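Undergrad: only the shape, not the letters, is given here:
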């Protein structure tokens with residue numbers, strides 16, 4: 001395995017000296033190629049800020065973040081835009097599909113921007129659509145899809161450019177339980193069947209139980225980390241709940 005993501009003493013502060021908030025406080029960890037890592041924490045723990053720094057939406061106050069061999073805290077302008085476009089995939093809570101495009105066109109857009117030939121675009125979309133079970137909605141517009149279908153189209157869009165890293169921000173947050181399960185099974189297929197490296201932020205223990213490793217954040221710092229290993233998903237879920245309980249969150253917050 002090789003390292004896809006590395007965080008080295010990352011800090012993110014807001015405010016000024018008189019009123020300073022440490023959203024992320026000297027966090028270090030790495031993610032290997034092919035891992036599916038979850039990040040959990042209560043509201044205000046710093047997990048979303050951390051994801052924003054990794055995605056380059058926000059800039060770190062101190063420390064370094066490496067994707068592959070590239071220090072992304074140092075790049076700017078067109079180089080940064082190129083990095084986001086080619087090396088990151090995003091799955092958002094609210095889908096972020098373009099309403100005027102079909103599912104097929106939403107997925108194809110990223111490849112079109114990269115000047116990929118139409119024949120290759122089509123073959124790649126058909127392959128990922130089959131993997132994620134969205135063949136029947138490729139010609140539909142987003143208003144004709146269920147929430148789960150929209151999110152699986154969004155997952156296909158994130159995967160289609162073969163990015164080094166897929167970042168998922170509360171991907172099941174807007175879905176019902178059935179749609180959540182379908183999406184998580186799709187993400188599992190992306191990880192295990194297509195070797196996608198996924199970093200997912202969630203407050204939900206059921207969602208986190210699909211990951212191979214979960215990092216817990218409290219007050220901007222790493223509180224704990226557990227690996228699934230040979231556990232069943234249910235066993236891993238129970239271990240996650242145990243950590244959430246110690247972490248200080250209520251069981252209702254975790255489910």
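TA: All right, it came through fine. Predicted model only: the values in this text are computed from it and were never measured.
Undergrad: buried ones in stretch 144-162?
TA: 145, 147-161 (16 or more other Cβ atoms under 10 Å). Just so you know, the C-beta spots here come from the backbone N, C-alpha and C atoms, and that holds for glycine as well.
Undergrad: can you tell me which of those residues are in helices?
TA: 147-159 (DSSP state H).
Undergrad: hmm, residue 189 is touching residue 130, no?
TA: No: with contact defined as Cβ atoms under 8 Å, residue 189 does not reach residue 130; the gap is 10.4 Å.
Undergrad: number of nearby residues for residue 166?
TA: Other residues lying near residue 166 total 22 when counted by other Cβ atoms under 10 Å.
Undergrad: using the three-state scheme, assign it.
TA: strand (DSSP: H, G, I helix; E, B strand; the rest coil).
Undergrad: can you pull the pLDDT of it?
TA: Here the pLDDT value assigned to residue 166 is 95.
Undergrad: present the ones in helices among the buried residues of stretch 144-162 as a markdown table; the columns should include pLDDT and distance to residue 41.
TA: As requested, those are exported to a markdown table (pLDDT from 0 to 100; distance: Cβ to Cβ, whole Å):
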| residue | pLDDT | distance to residue 41 |
| --- | --- | --- |
| 147 | 91 | 25 |
| 148 | 91 | 25 |
| 149 | 94 | 29 |
| 150 | 92 | 26 |
| 151 | 92 | 22 |
| 152 | 93 | 26 |
| 153 | 94 | 28 |
| 154 | 93 | 23 |
| 155 | 93 | 23 |
| 156 | 93 | 28 |
| 157 | 93 | 27 |
| 158 | 93 | 23 |
| 159 | 91 | 26 |
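Undergrad: residue contacts, the closest residue to residue 52 other than its chain neighbours?
TA: Closest residue to residue 52 in three dimensions, ignoring its sequence neighbours and counting by Cβ to Cβ, 6 or more residues apart in numbering: residue 58, at 4.0 Å. Contacts for residue 58 (Cβ atoms under 8 Å, 6 or more residues apart in numbering) come out as 12, 49, 52.
Undergrad: mind running it again at 10 Å?
TA: 12, 14, 23, 24, 48, 49, 50, 51, 52 (Cβ atoms under 10 Å, 6 or more residues apart in numbering).
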